[in-house]
Structure formats: C-alpha cells, structure tokens
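In: Sharing a sequence plus its predicted fold:
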Amino acid sequence: MNSLLRSPDRVTRAALFGIRFRDEATGAEISEGLKVTLFPESNPKLRVDAFRTRSGAFAAMRLPGLQHLASGGGTLDNGEGDEEFWTEALGKSRPYVVEVRDLHHRFLAFALRTSLPAHGCIAVAPELQSPLPTAHRVPLFSAPTRPAPSAIGVIRVELRDAKNRAPLAGALVRVEHEGEEIGYGFADERGKAAVMFPYPEPTRQRLAPPDGSHDTQPARRLFDWDLSLRIHWGVWGPESPTRSSSLPDLGDLLEQRNLPAGRALSRLSPRLDLGSEKLLLGRETVVRTKESDTKEYSCLYVARH
C-alpha cells in the first residue's frame, strides 16, 4: 500500500501586492465583481491580474518585470516574507499602475499609481482621503448607471462646460449640507455623475408654525434637506502623454479638490448661480440648469470664475 510522506519543509510565498476596496457611499467593503490588473508604469504590456483572497483582499504573488531581481536564495516572488526579505524587496520597488474595473457597472473604473513591492495593502495618500475611516481601503465611487442602495441619498447630474458645452469628464462633485461635506463623487467620460451618501440627520422642526396654522406634512418637512453642490475640474483625458493607462488616474481626480470650485449655473442666460437643491427622503434629486422658468436643459452647466 502506498503511503504519502509529508515533508517537514514548508514553502512560504509573500504577496508583493495587496489592496482592499470600500464603497465610498456606504462604507462597505467590496470585492465581488471587481477586476484588478497591474503592470509596470514603463511597460503596460506586462500585465497580470490580481486574485481575490478569502478575506476579500486582492493580491499578487508575482510582479511582471521583477522576476529577475534576486532576493536571498531565490527571487522576489518566492521569499519567506520575513524582515530581511522585506528590507531587500522594498529597496527594489518600482512604479506600477493598478487598474480597477467593476464587471457589474456599479463603480467607476480608475487607475492608481503606486510603488511595488509593498508590505501590506496599498492605500490612497492620507491628504487625498475622505474624512471617513479608511483602514487602508481604496475608495470606489458610484457610476451613474448604479441603482441607489437602500437608505442612501442620491444626487444625479450631467456636467457640461458653459463655454463650449463639452462634458466635464472626471469632474469632482462635492455635496454639502449646512456647510459640511456629506458626500462626493466623479463624473464619467460623458460628464454624468451620481453622488451617493447616507442621509443627513433629520432636520429639527418647530412643533407648530409661528402663525398657529396646522402643518399637514410634518413628516415630509422632517425628512427633506437643502443641499449645495461644489464642482471642481481640471484637465484630464485618456490621451494624456504623462499617464500609461487609458483610465482616469485616481490621484489626479482626488487632487481636483485643491482647485477652485467652478460656477454652477441655475440659468445660462442671463447667468445665475445655482442655489440650494432640495433632497427628499426616498427620492433622487436631479440637478439641471434652467432654460426658462418652465423649461430645463438636460444638464448642469458650469463656468470657470
């Protein structure tokens, strides 16, 4: 009878790349339906797909373009992951690009520049992150095709340049309530954006109107909010010679926050600034520029100051 002899030796392989994702709208960790691809910034043809781990992270044991770099007794993709290994591996890091796509079309696709190998999961630079706890999870932003999750507010908008009517691809859309940001997102290549966020706390109401009349819609008044929009946009395009991916770069998108906000218009001629927009519980709000008192354009026009 044959018997299987177990060797006391064990093979340990360190993951040279790891990443986790969260839904910026809900805070939930996301892994199902995502495709993560990485390649050296200098050679986009050397691509490898990351695999999803049991814990919901994405990882890669081998990095294209680094197989020839020796580490100790072997190569970087079969090291034991001890302190000596990482000291040597991190000294050989190179610029890589990570592309993220959602096969279910819930989230916008993007590229992320980083240096690999990396010890632990990579993250967005702290100064570019939202105020929400990140726990080293890269944010995913809702695509305009995404249906709203339950108990989530939605602002939908199609952004166009007031000067040349071109779509504002990649523009940053910030939603504020009572002067505080409650959500943000980005426009796709057509200028369409869906910003999703948890509803703000209910607005406190007086028990009765000051004139003593009876309020017939107290619940509706309790669950509506006045919101304002801030639109920031820079110059981005897939033909950019400084980027090796055709997808919008997440760092570039987030850095638009440092640019002055554009002038969102409620009327195009004469130009009038957009005021507050009403959000009702259970209803999506679509923001558009008005052509007249009774007619709206299909988009929101934004001008530079």
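Out: Thanks, I have the structure now.

In: Strands of the stretch 151-300 of the chain, start to end?
Out: 152-161, 172-177, 180-186, 192-198, 224-232, 263-267, 272-273, 277-280, 285-287, 300-303 (DSSP state E, counting those that start in this stretch).

In: other SSEs contacting the fifth one?
Out: Right, strand 224-232. When contacts are defined as 3 or more C-beta pairs under 8 Å, 6 or more residues apart in numbering; DSSP states H and E, strand 224-232 packs onto strand 152-161, strand 172-177, strand 277-280. For every residue, glycine as well, the C-beta is placed using N, CA and C.

In: neighbouring strands for that strand, and are they parallel or not?
Out: strand 172-177 (antiparallel), strand 277-280 (antiparallel) (DSSP bridges).

In: Save the ones you listed as JSON lines, and put in mean pLDDT too.
Out: Converted to JSON lines, the strands paired with strand 224-232 look like this (pLDDT from 0 to 100):
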{"stretch": "strand 172-177", "mean pLDDT": "97"}
{"stretch": "strand 277-280", "mean pLDDT": "95"}
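
In: Could you identify which of the ones you listed is most buried?
Out: strand 172-177 (a mean of 22; mean count of other C-beta atoms under 10 Å).

In: And the contacts of that one?
Out: 155, 157, 159, 181-187, 193, 195, 197, 200, 225-233, 253-254, 256-257, 261 (C-beta atoms under 8 Å, 6 or more residues apart in numbering).

In: Can you say which of those residues are buried?
Out: For the contacts of strand 172-177, a neighbour count by 16 or more other C-beta atoms under 10 Å gives the buried set as 155, 157, 159, 182-187, 193, 195, 197, 200, 225, 227, 229-233, 253-254, 256-257, 261.

In: number of nearby residues for residue 292?
Out: 8 (other C-beta atoms under 10 Å).
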